[in-house]
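Undergrad: Structure, please.
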Amino acid sequence: MTTEEIRLVIPAEEDFRPIVHLVTGGLASRLDVTYDDLADIQVAVDAVLALRDDDGDLTIVLSAEPGVVRAAIGPFEPDVLRSSDAPDGGVDLQRVLETVCDTHEFESRDDGAWVELTKRTVTVGA
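TA: Model prediction:
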């Protein structure tokens, strides 16, 4: 079983988020992931990316093997991940991730807090 991994470093500004969509879509297409699973992955990644909109860099590590897609996204200020309140009265991050991911964890690393996501996927035509 082979694991595909892509490491992407982008500015945390909102204008660069479509690049992550493009890369995520490309990885999912190589694995023949269903549209619904791809949409879930992209919703989860978007929800996490929305926690930052600044001049710094964000790293997104996408890895995949048949039946599973994982994403690690960071770094963030730890307080941002602990907040349960949603900005602008929307749905909070915890709720979004519980809905669209199979697992999610907040991890403390030397450079800050990271979000680890896992989504089990179905292959198109399976």
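Undergrad: how near is Thr118 to Val43?
TA: 14 Å (CB to CB, to the nearest Å). For every residue, glycine as well, the C-beta is placed using N, CA and C.
Undergrad: if I pick the most centrally placed residue in the chain, what's in contact with it?
TA: For the chain, the residue nearest the mean C-alpha position is Val45 (2.9 Å; CA atoms, centre = their mean). Applying CB atoms under 8 Å, 6 or more residues apart in numbering to Val45 gives the contacts Val20, Thr24, Ile60, Ala71, Ile73, Leu117.
Undergrad: Give me the buried stretch members for the helix or strand hosting it, please.
TA: Assigned by DSSP states H and E, Val45 belongs to helix 35-49. The neighbour-count check on helix 35-49 (16 or more other CB atoms under 10 Å) flags Asp37, Leu38, Asp40, Ile41, Gln42, Ala44, Val45, Ala47, Val48, Leu49 as buried.
Undergrad: With distance to Val96 and pLDDT as new columns, can those be given to me in JSON lines?
TA: As requested, the buried residues of helix 35-49 are exported to JSON lines (distance: CB to CB, whole Å; pLDDT from 0 to 100):
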{"residue": "Asp37", "distance to Val96": "16", "pLDDT": "92"}
{"residue": "Leu38", "distance to Val96": "16", "pLDDT": "90"}
{"residue": "Asp40", "distance to Val96": "10", "pLDDT": "94"}
{"residue": "Ile41", "distance to Val96": "12", "pLDDT": "93"}
{"residue": "Gln42", "distance to Val96": "12", "pLDDT": "93"}
{"residue": "Ala44", "distance to Val96": "7", "pLDDT": "95"}
{"residue": "Val45", "distance to Val96": "11", "pLDDT": "94"}
{"residue": "Ala47", "distance to Val96": "4", "pLDDT": "92"}
{"residue": "Val48", "distance to Val96": "9", "pLDDT": "93"}
{"residue": "Leu49", "distance to Val96": "12", "pLDDT": "94"}
